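Trainee: Would you be able to build a 3D model of this:
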Amino acid sequence: MNGGVNGVALAVFALFFLAVTVLGFLAARWRKADDEHTLDEWGLGGRSFGTWITWFLLGGDVYTAYTFVAVPAAIYAAGAAGFFAVPYTILVYPLIFTFLPRLWSVCHRHGYVTTADFVRGRFGSKGLSLAVAFTGILATMPYIALQLVGIQAVLDVLGVGGGENTNWFFKDLPLLIAFGVLAAYTYSSGLRAPAMIAFVKDTLIYIVIVVAIIYIPIKLGGFDDIFAKANEAYGQTNPATGTPRGTLVSAPNAQWTYATLALGSAMAMFMYPHSITATLSSRSREVIRRSTTVMPLYTLMLGLLALLGFMAIAAGVKVTNGQLAIPQLFEDMFPSWFAGVAFAAIGIGALVPAAIMSIAAANLFTRNIYKDFIKPDATPKQETRISKLVSLLVKVGALVFVLTMDKTVAINFQLLGGIWILQTFPALVGGLFTRWFHRWALLAGWAVGMIYGTFAAYRVASPTQKHFGGSAKEIPGIGEIGYIGLTAFILNVAVTMVLTFVLKAAKAPEGIDATSPGDYTADADATAPPTLRPGTSPAPNPS
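Mentor: Purely as a prediction, here's the structure:
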């Protein structure tokens with residue numbers, strides 16, 4: 001890494017950061033509602049966003065600073081294995097095209113704000129709803145922390161905050177300031193803030209990637225030289241493992257891992273609460289359909305972004321922390337002013353998803369823990385106030401996590417979060433298409449998947465960690481190495497199906513379905529006002 005502060009890059013970074021801060025606070029006046037003190041307004045932007053805003057918002061919370069830094073960093077460290085993110089984002093869009101419009105319709109009809117709201121209404125089970133809410137909050141926390149890790153990586157390369165021997169307060173002061181600004185405008189503007197900033201964030205990211213994919217190869221002698229140098233580097237022995245560093249092309253013995261990780265990650269991506277929050281903020285079912293059809297443009301961007309990992313090797317970037325490889329590549333290869341633009345893209349790419357994630361986690365706590373179990377008679381104004389406060393606490397927790405723990409621990413916990421959130425798939429996606437699953441069976445399947453997934457991940461070691469060293473392990477009965485989350489999901493579904501047969505045979509009470517078939521295809525002009533709570537539909541369907 002270069003010594004000292006890159007003044008020009010820092011000035012450009014600060015200018016963009018200031019601009020989005022102003023936008024964040026101004027967003028409170030954007031599409032201002034008569035009654036701001038409801039979760040529909042603060043937490044879902046009034047459910048009023050059109051196609052392009054929804055597209056930017058979905059892209060803003062799916063393609064994060066962590067994506068920008070970690071995907072090419074994985075390729076920098078190990079080669080072709082890091083490309084799993086590209087096929088899984090190809091797989092995910094046909095998947096969400098089938099179920100997100102149904103989810104939007106039923107949630108709009110009944111006023112559901114969270115996935116746990118829907119699960120409670122569909123299956124008549126507070127316990128299952130609590131499990132979904134708990135999993136969502138648990139999986140989101142390390143994801144927010146990783147956005148702050150992305151900002152910290154940029155600040156480290158910029159030389160801001162001093163060296164390792166600097167007083168902790170001054171070393172982390174820039175990150176604390178960024179956190180404070182994020183917390184303030186999220187509290188003030190709710191979901192409108194990241195929706196407005198997402199325009200700036202994605203525009204910057206597209207500009208940086210297009211420039212990088214043209215400019216850097218020219219400086220490095222073309223892609224032939226880049227791939228040749230990368231292939232040579234991957235053939236060198238890693239002292240920690242005694243095996244080659246990586247491969248330019250995925251090896252045959254890694255194909256199960258690659259395929260299961262891609263499939264499992266695709267299934268998990270839109271189970272995260274922040275993805276659903278962005279979905280429910282749109283104004284119509286058709287908006288969701290149109291937005292998902294243009295989302296693959298982000299996959300094209302991701303494929304180009306991944307190539308930066310090879311470029312970092314060819315450029316001779318040497319870092320002890322792989323997360324710094326791409327920021328360092330930008331500083332080494334770009335003029336200082338454009339390096340500042342690239343750093344701003346990463347930094348703002350952290351602010352947008354961190355804001356959405358904290359709002360989504362807060363909504364889950366408010367609607368499915370506070371409202372359901374602590375204060376059932378809470379007014380909409382009280383719900384909004386609690387969500388605002390919880391969103392602050394969530395960010396504080398993520399900040400403490402980043403400042404006190406090894407960054408690799410944060411990354412591993414995010415991988416664990418993917419395993420956890422996948423276990424809500426049967427209740428959420430299954431519930432959108434069938435009422436056949438029994439609520440108690442779904443809860444038992446969830447518990448089995450969570451326990452197996454956590455325990456299996458705990459037993460994975462790496463050269464640097466004894467536990468939680470990765471997310472792949474031998475698949476029982478097959479003998480191949482595969483994604484733990486997908487194995488846990490299969491166990492989850494198996495337990496759910498078997499127990500559903502048993503419980504139905506025993507005539508166990510199934511709970512009241514507060515939805516009706518027409519709810520799943522209704523559009524905005526055909527729906528009831530979104531004011532109903534789970535379980536209060538005027539036309540319950542006991543099927």
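
Trainee: Which stretches in this structure count as strands?
Mentor: For the chain, applying DSSP state E gives strands covering 237-238, 243-244, 472-474, 481-483.

Trainee: Tabulate these in CSV, adding columns for distance to L173, mean pLDDT and mean neighbour count.
Mentor: C-beta: built from backbone N, CA, C; applies to glycine. Shown next, in CSV, are the strands of the chain (distance: least, Cβ to Cβ, whole Å; pLDDT from 0 to 100; neighbours: other Cβ atoms under 10 Å):
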stretch, distance to L173, mean pLDDT, mean neighbour count
strand 237-238, 36, 76, 12
strand 243-244, 41, 78, 12
strand 472-474, 38, 89, 19
strand 481-483, 39, 92, 24
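
Trainee: quick one: which of those is nearest T21?
Mentor: Proximity to T21, assessed across these by Cβ to Cβ, is greatest for strand 481-483 (38.7 Å).

Trainee: What is the closest one packed up against?
Mentor: Using 3 or more Cβ pairs under 8 Å, 6 or more residues apart in numbering; DSSP states H and E, the elements in contact with strand 481-483 are helix 255-269, strand 472-474.

Trainee: Name the stretch among the ones you listed that sits most buried.
Mentor: Per residue and on average, the most neighbours among the helices and strands packed on strand 481-483 fall to helix 255-269, with a mean of 21 (mean count of other Cβ atoms under 10 Å).

Trainee: Tell me the helices and strands packed up against it.
Mentor: The contact analysis (3+ Cβ pairs under 8 Å, 6+ apart) places helix 255-269 against helix 85-110, helix 407-422, strand 472-474, strand 481-483, helix 484-505.

Trainee: From the chain's centroid, how far away is that helix?
Mentor: Relative to the mean C-alpha coordinate of its chain, helix 255-269 is positioned 15 Å out (Cα atoms, centre = their mean, to the nearest Å).

Trainee: relative to helix 484-505, how tilted is that helix?
Mentor: Here helix 255-269 runs at an angle of 60 degrees relative to helix 484-505 (axes from the mean of the first three to the mean of the last three Cα atoms, to 10 degrees).

Trainee: Now do helix 255-269, average pLDDT.
Mentor: What helix 255-269 shows for mean pLDDT is 91.

Trainee: Give me the contact list for it.
Mentor: Among residues not part of helix 255-269, those counted as contacts by Cβ atoms under 8 Å, 6 or more residues apart in numbering are 62, 81, 84-85, 87-89, 91-92, 95, 250, 275, 418, 421-422, 425, 471-472, 475, 478, 480-483, 485-487, 489.

Trainee: Drop anything exposed from those residues.
Mentor: Restricting the contacts of helix 255-269 to buried positions leaves 62, 81, 84-85, 87-89, 92, 95, 250, 275, 418, 421-422, 425, 471-472, 475, 481-483, 485-487, 489, with burial counted as 16 or more other Cβ atoms under 10 Å.

Trainee: quick one on the thing from earlier: out of the strands of the chain, nearest to P296?
Mentor: Scanning the strands of the chain with Cβ to Cβ as the criterion, the closest one proves to be strand 481-483, at 22.6 Å.

Trainee: Among the helices and strands packed on helix 255-269, show me which one is buried the most.
Mentor: Looking across the helices and strands packed on helix 255-269 with neighbours counted as mean count of other Cβ under 10 Å, the highest average goes to strand 481-483: a mean of 24.

Trainee: Starting from that strand, tell me which strands it pairs with and how they run.
Mentor: Using DSSP bridges, the strands paired with strand 481-483 are strand 472-474 (antiparallel).

Trainee: Work out the gap between the partner strand and the centre of the chain.
Mentor: Mean C-alpha position of strand 472-474 versus that of the full chain (Cα atoms, centre = their mean) differs by 23 Å.

Trainee: same question, stretch 457-471
Mentor: The chain centre lies 22 Å from the centre of stretch 457-471; the measure is Cα atoms, centre = their mean.

Trainee: Show me which residues of it are buried.
Mentor: Buried residues in stretch 457-471, counting neighbours by 16+ other Cβ under 10 Å, are found at 457, 460, 468-471.

Trainee: Can I get the residues you listed in TSV including distance to A362?
Mentor: Listed next are the buried residues of stretch 457-471 as TSV, based on distance: Cβ to Cβ, whole Å:
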residue	distance to A362
A457	27
V460	32
F468	27
G469	32
G470	31
S471	27
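
Trainee: Mind picking the one among the residues you listed that's closest to E232?
Mentor: Relative to E232, the closest of the buried residues of stretch 457-471 is G470; by Cβ to Cβ it sits at 25.9 Å.

Trainee: That closest one touches S462, doesn't it?
Mentor: Yes. Contact between G470 and S462 holds when scored by Cβ atoms under 8 Å: they sit 5.9 Å apart.

Trainee: re the thing from before, select, out of the helices and strands packed on strand 481-483, the one closest to Y143.
Mentor: Within these, the stretch nearest Y143 is helix 255-269; the backing value is 11.3 Å (Cβ to Cβ).

Trainee: For that closest one, C-alpha coordinates in CSV please.
Mentor: C-alpha atoms of helix 255-269 as CSV (Å, rounded to 0.1, in the frame of the first residue of the first chain):
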residue,chain,number,x,y,z
GLN,A,255,-17.7,-28.5,-9.3
TRP,A,256,-20.1,-29.7,-6.6
THR,A,257,-19.0,-26.9,-4.3
TYR,A,258,-19.3,-24.4,-7.1
ALA,A,259,-22.7,-25.6,-8.3
THR,A,260,-24.3,-26.0,-4.8
LEU,A,261,-23.0,-22.6,-3.7
ALA,A,262,-24.4,-20.9,-6.7
LEU,A,263,-27.8,-22.5,-6.4
GLY,A,264,-28.0,-22.1,-2.6
SER,A,265,-26.9,-18.5,-2.8
ALA,A,266,-29.5,-17.8,-5.6
MET,A,267,-32.3,-19.2,-3.4
ALA,A,268,-31.1,-17.2,-0.4
MET,A,269,-30.6,-13.8,-2.0
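
Trainee: can you give me the helices for the stretch 351-500 of the chain?
Mentor: Using DSSP state H, counting those that start in this stretch, the helices found in the stretch 351-500 of the chain span residues 380-404, 407-422, 425, 431-433, 439-458, 484-505.

Trainee: what sits up against the fourth one?
Mentor: Residues external to helix 431-433 that are found in contact with it (Cβ under 8 Å, 6+ apart): 99, 102-103, 106, 118-119, 122-123, 437, 520.

Trainee: For that helix, list every residue counted as buried.
Mentor: Using 16+ other Cβ under 10 Å as the test for burial, helix 431-433 gives 431-432.

Trainee: Does anything pack onto the helix or strand of the chain with the lowest mean pLDDT? Which helices or strands?
Mentor: In the chain, no helix or strand scores lower on mean pLDDT, DSSP states H and E than strand 237-238, which sits at a mean of 76. Packing contacts for strand 237-238, counted by 3+ Cβ pairs under 8 Å, 6+ apart, involve strand 243-244.

Trainee: what are the pairing partners of the strand it packs on, and which direction each?
Mentor: The strands beside strand 243-244 in its sheet (DSSP bridges) come out as strand 237-238 (antiparallel).

Trainee: Off-centre distance for the strand it pairs with?
Mentor: Worked out by Cα atoms, centre = their mean, strand 237-238 lies 32 Å from the chain centre.

Trainee: got it, and stretch 236-251?
Mentor: Per Cα atoms, centre = their mean, the displacement of stretch 236-251 from the mean C-alpha position of its chain is 29 Å.

Trainee: can you list the residues that contact that stretch?
Mentor: For stretch 236-251, using Cβ under 8 Å, 6+ apart, the contacting residues are 77-81, 83, 227, 230-231, 233-235, 254, 258, 463-464.

Trainee: Can you pull out the low-pLDDT segments for the protein?
Mentor: Scanning the chain for pLDDT under 70 picks out 1-4, 31-35, 61, 161-171, 240-241, 405-411, 525-543.

Trainee: all helices of the stretch 1-150 of the chain, in order?
Mentor: Secondary structure of the stretch 1-150 of the chain by DSSP H, counting those that start in this stretch: the helices cover 7-26, 39-42, 51-62, 65-78, 85-110, 115-123, 126-158.
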